[in-house]
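Asker: for reference, the sequence and a predicted model appear below.
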Amino acid sequence: MTPKEYESLNKQVSPNTKSWRTVPLAWLFGGIICCIGQGLGDLYRYLGLEEETSCACISVSLIFLAALLTGLGKYDNLAKYGGAGCLVPITGFSNAVASPALEFKSEGFILGLGAKMFVIAGPVIVYGTLASVVYGFIIWIFHLY
Amino acid sequence: MDLMMYLKVFLMGGALCAIGQLLIDYTKLTPARILVSYVVTGVILGGLGIYGPLTEFAGAGATVPLTGFGWLLSKGVKEAVAEKGAMGILTGGLSATAGGIAAAIVFGFLTALLFKPRDKG
């Protein structure tokens, strides 16, 4: 069997990704999570918080809710339907921290919980920070600020 | 409450997630790689001055997805460089996002402390 034959056979056997279902679901779940964030923001502004503070409070609230749902084992159920809709919002970042922290607690508090909580969040922070430093260097050199 | 605003939030936030879903379905990108690309894309779009207007247009629809985290990094750096000069290159990004990162660490730690891990299935 040539690699090409194998590939076509593999395609026949493996189930089709049903994008007509997964993409609208991701849209729906992601959209709803963002609307919850917007609702929280409206509430915080109504309570008298400034624009920037209320924006930070939205993130903190959503991170809290997602960590709680992760602990209760509910976030994975949501993510099963929502796919990227539960991954891309900040709640997905929180889940990516809380989930391995919980799972690897049994390996100890230092190299289990403490280290594994950054298995996905670590790269996000590393490359985000690197990109921001490159950007900062450029605007500093060329006086673009 | 402005219903039109919520529609914009839903459309923008949903669209960013739908793009992520297309990446999962049609490329070999793992979720970790998608999150990293979203944050870096957010920094670039923020730096180019594109993402700021999007956050004004769609509010949480643009700030809640991880591209918003990247935008916040770039915004923090820009403000810090303007304020403190060269040192701001290093301090700006993480200062602006410290709240979110610390919240994820604290709530992640508490989750691990208070709950029992369960079987995936």
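Answerer: Thanks, I have it.

Asker: please count neighbours and contacts with C-alpha atoms only from this point.
Answerer: Fine.

Asker: give me every residue that touches the most centrally placed residue in chain A.
Answerer: Of all residues in chain A, the one closest to the mean position by C-alpha atoms, centre = their mean is A:G92, 2.6 Å from it. A:G92 makes contact with A:A66, A:C86, according to C-alpha atoms under 8 Å, 6 or more residues apart in numbering or on different chains.

Asker: tell me the mean pLDDT over the helix or strand hosting it?
Answerer: Here A:G92 is covered by helix A:90-103, with elements defined by DSSP states H and E. Helix A:90-103 carries an average pLDDT of 97.

Asker: equivalent analysis for stretch B:96-115, please.
Answerer: Here the average pLDDT along stretch B:96-115 is 97.

Asker: okay, buried residues for that stretch please.
Answerer: B:96-97, B:100-101, B:103-113 (16 or more other C-alpha atoms under 10 Å in any protein chain shown).

Asker: with stretch A:91-107 instead?
Answerer: Buried, per 16+ other C-alpha under 10 Å, within stretch A:91-107: A:91-105.

Asker: what angle separates the biggest helix by length in chain B from helix A:90-103?
Answerer: Counting by DSSP state H, the longest helix found in chain B is helix B:87-114. Orientation of helix B:87-114 against helix A:90-103 (axes from the mean of the first three to the mean of the last three C-alpha atoms, to 10 degrees) gives an angle of 50 degrees.

Asker: how far away from the center of its chain is helix B:87-114?
Answerer: Per C-alpha atoms, centre = their mean, to the nearest Å, the displacement of helix B:87-114 from the mean C-alpha position of its chain is 13 Å.
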